[in-house]
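Here is my input; please provide its structure:
(2 chains)
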Amino acid sequence: LAKTTQPISMDSYEGQEVNITCSHNNIATNDYITWYQQFPSQGPRFIIQGYKTKVTNEVASLFIPADRKSSTLSLPRVSLSDTAVYYCLVGDRYNFNKFYFGSGTKLNVKP
Amino acid sequence: NAGVTQTPKFRILKIGQSMTLQCTQDMNHNYMYWYRQDPGMGLKLIYYSVGAGITDKGEVPNGYNVSRSTTEDFPLRLELAAPSQTSVYFCASSSGQYNSPLHFGNGTRLTVT
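Presented below is the predicted three-dimensional model:
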């Protein structure tokens, strides 16, 4: 399983765009990248996933360069309610048996 | 749909006691997982199941047991509680289909004293 590395914490202000980068140097050909968000006292919630290039949904964008050794979660115009821990996972898209979480990035959005 | 439901929400155990954490899902998902999350840390996989009657160990299985007699339920058993098992426990499920995400319950906060 590919190991992931993320910054421990980040600060931002309301209305700014936030980019959180995840490093996964030993990502395998079949691996895809998934991001989850976790609020205190809740289970993680799926945000977005992708395999290569760019993926966008109603809450975030995911940028994956050609070598796929890193990925960047982009949150447009964050609000206080986006304060949470964000986890990057890398897993085999043909083997769904196990998903391993790293330590995540604690995003603190300030007014 | 309720999604993934965990009970109880909170529990305090004495060292050496046993208990079962309940998890049930109503999405007809084949895959189910148990994670634990220690304060300020990420989630660690304890056990997982790919279908009724099939379970396997994750990263930190010692001190725990699981069973999967139905698609809906995936209970986690602690036989001899130890202070090191003080944590928040999350159950999750997935359809197992291509790129299907994990759906989590809201956790059980367990304290062993």
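
C-alpha only now, for contacts and for neighbours.
Will do.

Contact partners for the residue in chain B that chain A sits nearest to?
Residue nearest to chain A within chain B: residue B:42 (4.2 Å; CA to the nearest CA). By CA atoms under 8 Å, 6 or more residues apart in numbering or on different chains, residue B:42 lies in contact with A:101, A:102, A:103, A:104.

just these that are near chain B?
Among the contacts of residue B:42, the residues within reach of chain B (CA under 8 Å from any CA of the partner chain) are A:101, A:102, A:103, A:104.

Among those, which one lies nearest to residue B:35?
residue A:101 (9.6 Å; CA to CA).

hey, what's the most centrally placed residue in chain B bridged with?
Ranked by distance to the mean C-alpha position of chain B (CA atoms, centre = their mean), the top residue is residue B:34 at 3.0 Å. Beta-bridge pairing for residue B:34 (DSSP bridges): residue B:47, residue B:91.

which of the ones next to chain B among the contacts of residue B:42 lies closest to chain B?
residue A:103 (4.2 Å).

tell me the phi and psi of the closest one?
phi -80, psi -20 (degrees, to the nearest 10).

picking up where we left off before, now the ones next to chain B among the contacts of residue B:42 in TSV, please, with extra columns for pLDDT, neighbour count and secondary structure.
Listed next are the ones next to chain B among the contacts of residue B:42 as TSV, based on pLDDT from 0 to 100; neighbours: other CA atoms under 10 Å in any protein chain shown; DSSP: H, G, I helix; E, B strand; the rest coil:
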residue	pLDDT	neighbour count	secondary structure
A:101	79	20	coil
A:102	79	18	coil
A:103	83	19	coil
A:104	93	27	coil
